[in-house]
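[1] Sequence first, then the predicted structure, then my questions.
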2 protein chains.
Amino acid sequence: MSIEADVKTRGKREETKANNRQAILDAARRVFAELGYGATTVRDIIRATDLASGTFYNYFKSKEEVFQALQDDTALRVRPRLRAERIRAATFEEFIAGTFRTFFDFVKNDQTSLATMRRNPELQRMRIDTPEVIAGFEELRADLETAIRNGVMPDTDADLLMAAMVGVAFEVANHMISRSDVSAQDAAEFATALFLGGVHALPKRKRPKAT
Amino acid sequence: MSIEADVKTRGKREETKANNRQAILDAARRVFAELGYGATTVRDIIRATDLASGTFYNYFKSKEEVFQALQDDTALRVRPRLRAERIRAATFEEFIAGTFRTFFDFVKNDQTSLATMRRNPELQRMRIDTPEVIAGFEELRADLETAIRNGVMPDTDADLLMAAMVGVAFEVANHMISRSDVSAQDAAEFATALFLGGVHALPKRKRPKAT
DNA sequence: CCCATTCGTGACGCCGCGTCAACTTTTGGT
DNA sequence: ACCAAAAGTTGACGCGGCGTCACGAATGGG
């Protein structure tokens, strides 16, 4: 019924188009996770579907573009949450804390797209920023500018502050993922304390030595 | 004379071996800068030398390994300077300030390897951590642990603190490179103030509006 | 001076790339 | 219900990069 409805409203062409695109994206996610991004070829992706090689190029120009689509998808899922958190914030303490908490929670619960494909067998590690990811950064910068104009945030270079937040967020998230003793809350508290009060304000380490 | 001396002490074999290796590395630097890392092929690199294609594989397994050698080279140049700065530090203010200042200065003055190959036409931006780079991170972590044990640094999670410093350093450095109005000193002061006192302590923005 | 060893060479087979002409399916008009 | 045009799929093809390997040249030891 719902399929028939889709067919009626969108037509068979639109339907298979959407299906094929999704099939490629799904296959790519699987193959990237299995072989690693660098080792994956367009042929690997298309072989993991029941489509022909030529069809791939009706939807994407390269594996890079597929990866970008996956990353952009993730970015578009998390950005509204971050945005909402920052808009809700009345003080800049809430602004910082809400942003970090939301981000680390998301990373913890979305290992599929963010963490799985960070695993790069051939090279040590790499980070790729796609357009929607960068747009998310710009969004943060704009919100910081607004906060500064409203007087809730000290008047400083919003672009550098954005860069610092982004740098801490991604780097700490990586360590959070590879370590088993750091929860999303731990990471958020650490990053928030750093930005609110500097090193002096950082939380004490959990287990100093043992005992 | 010096060449003859080299030949006498090392023999012709060792000599051409070193020369070939260096020729490949030099060619790679040029080609990476011109075509971008992703678009470069092993063939491109070897064509930029007067060697045959097979010879490449006597020295490196892939272009990734060449890139790694170049990155490691850079890492090994900057690490001693960072190390010295941190050892000299008596207070943790000096520890933080010295580390950031040295790092940003280095990035500004070493655009050849760091910035030139950051020029990546095909993909937006990416970061690749090679073994010696990672070893530099571990070195920082170890120094942070030592500072904590000596009581000059608050007792906190040294691994997360290292991650935060690394994240801020690289991300702010990227913005410093692409912006014309941020000097190495500006970047260092910003990062240092953030770590010493949090957002409250950040320097005021230079040109707020105009006047 | 000669032989063993090391190393440079480039042709080779393999495979992934992106294209394109032929073919199939869908659509809209009658 | 039919059909022609449009849209989309297919896989074979030419191209070029990959890593290898048998060959020959250069080197060094005896």
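    Yep, that arrived. Numbering: from 1, shown residues only, chains lettered A, B, ... in the order given.

[2] Moving C-terminal from the least confident helix or strand in chain A by mean pLDDT, which element do we reach first?
    Lowest on mean pLDDT, DSSP states H and E among the helices and strands of chain A sits strand A:126-128, with a mean of 75. Using DSSP states H and E, the helix or strand that follows strand A:126-128 towards the C-terminus is helix A:131-149.

[3] For chain B, tell me whether that next one is touching it.
    Yes - Helix A:131-149 reaches chain B (C-beta under 8 Å from any C-beta of the partner chain) through A:131, A:134. C-beta: built from backbone N, CA, C; applies to glycine.

[4] What is that helix packed up against?
    On a contact count with 3 or more C-beta pairs under 8 Å, 6 or more residues apart in numbering or on different chains; DSSP states H and E, helix A:131-149 meets helix A:63-88, helix A:92-109, helix A:158-178.

[5] So for that helix, mean pLDDT?
    Averaged across helix A:131-149, the pLDDT comes to 96.

[6] next one: stretch A:184-194
    In this model, stretch A:184-194 carries a mean pLDDT of 97.

[7] Centre of the chain to that stretch, how far?
    When distances are taken as C-alpha atoms, centre = their mean, to the nearest Å, stretch A:184-194 is centred 18 Å away from the chain's centroid.

[8] repeat for stretch A:166-184
    Mean-position distance between stretch A:166-184 and its chain equals 13 Å (C-alpha atoms, centre = their mean).

[9] Go through it and flag the buried ones.
    Residues of stretch A:166-184 classed as buried by neighbour count (16 or more other C-beta atoms under 10 Å in any protein chain shown): A:166-177, A:182, A:184.

[10] Nearest to DNA strand D among those?
    When the buried residues of stretch A:166-184 are ranked by distance to DNA strand D (C-beta to the nearest atom of the strand), residue A:174 comes first, at 27.5 Å.

[11] pLDDT score assigned to that closest one?
    At residue A:174, pLDDT is 90.

[12] That one contacts residue B:163, correct?
    Yes - with contact defined as C-beta atoms under 8 Å, residue A:174 reaches residue B:163; the gap is 7.1 Å.

[13] ok, now which ones touch residue A:203?
    With contacts defined as C-beta atoms under 8 Å, 6 or more residues apart in numbering or on different chains, the neighbours of residue A:203 are A:189-190, A:193, B:156-157.

[14] Check the gap between residue A:100 and chain B for me.
    Counting by C-beta to the nearest C-beta, to the nearest Å, the separation of residue A:100 from chain B is 11 Å.

[15] what's the answer for residue A:158, then?
    8 Å.

[16] got it, and residue A:175?
    Residue A:175 is 5 Å from chain B, by C-beta to the nearest C-beta.

[17] Can you tell me the closest non-neighbouring residue to that residue?
    Leaving aside its chain neighbours, residue A:175 sits nearest to residue B:163 (4.6 Å; criterion: C-beta to C-beta, 6 or more residues apart in numbering or on different chains).

[18] Isn't that neighbour up against residue A:177?
    No - applying C-beta under 8 Å, one finds residue B:163 not in contact with residue A:177, separated by 11.2 Å.

[19] Mind telling me which residue of chain A is nearest DNA strand C?
    Counting by C-beta to the nearest atom of the strand, chain A gets nearest to DNA strand C through residue A:11 (2.8 Å).

[20] nearest spatial neighbour of residue A:182, skipping sequence neighbours?
    Going by C-beta to C-beta, 6+ apart, residue A:182 has residue A:176 as its nearest residue, at 4.6 Å.

[21] the longest helix in chain A is where?
    helix A:2-35 (DSSP state H).

[22] and that helix, does that touch chain B?
    No - judged by C-beta under 8 Å from any C-beta, helix A:2-35 makes no contact with chain B; its nearest approach is 14.9 Å.

[23] Could you pull out the buried residues of that helix?
    Under the neighbour-count criterion of 16+ other C-beta under 10 Å, helix A:2-35 has A:20, A:23-25, A:27-29, A:31-33 buried.

[24] Over to stretch A:188-206?
    Applying 16+ other C-beta under 10 Å to stretch A:188-206 flags A:188-199, A:202-203, A:205 as buried.

[25] taking these one by one, which sit in helices?
    A:188-197.

[26] which stretches of chain A aren't confidently modelled?
    Chain A contains residues with pLDDT under 70 at A:1-8, A:112-125, A:207-211.

[27] what residues go with each domain of it?
    Split into domains by automatic domain parsing, chain A comes to A:1-60, A:64-211.

[28] is any part of the shortest one close to DNA strand D?
    Spelled out, that is domain A:1-60. Yes - using C-beta under 7 Å from any atom of the strand, domain A:1-60 reaches DNA strand D at A:13, A:16-17, A:20, A:50-55, A:58.

[29] Can you report how many residues lie near residue A:99?
    Residues lying near residue A:99 (other C-beta atoms under 10 Å in any protein chain shown) number 25.

[30] now do residue A:88
    Neighbours of residue A:88 under the rule other C-beta under 10 Å: 10.

[31] which residues touch the nearest residue in space to it that is not next to it in sequence?
    With sequence-adjacent residues excluded and distances taken as C-beta to C-beta, 6+ apart, residue A:88 is closest to residue A:98, at 6.8 Å. Listed by C-beta under 8 Å, 6+ apart, the contact partners of residue A:98 are A:85-86, A:88-89.

[32] sorry, back to before: tell me how far the residue nearest to residue A:175 lies from DNA strand D.
    Relative to DNA strand D, residue B:163 is positioned 32 Å away (criterion: C-beta to the nearest atom of the strand, to the nearest Å).
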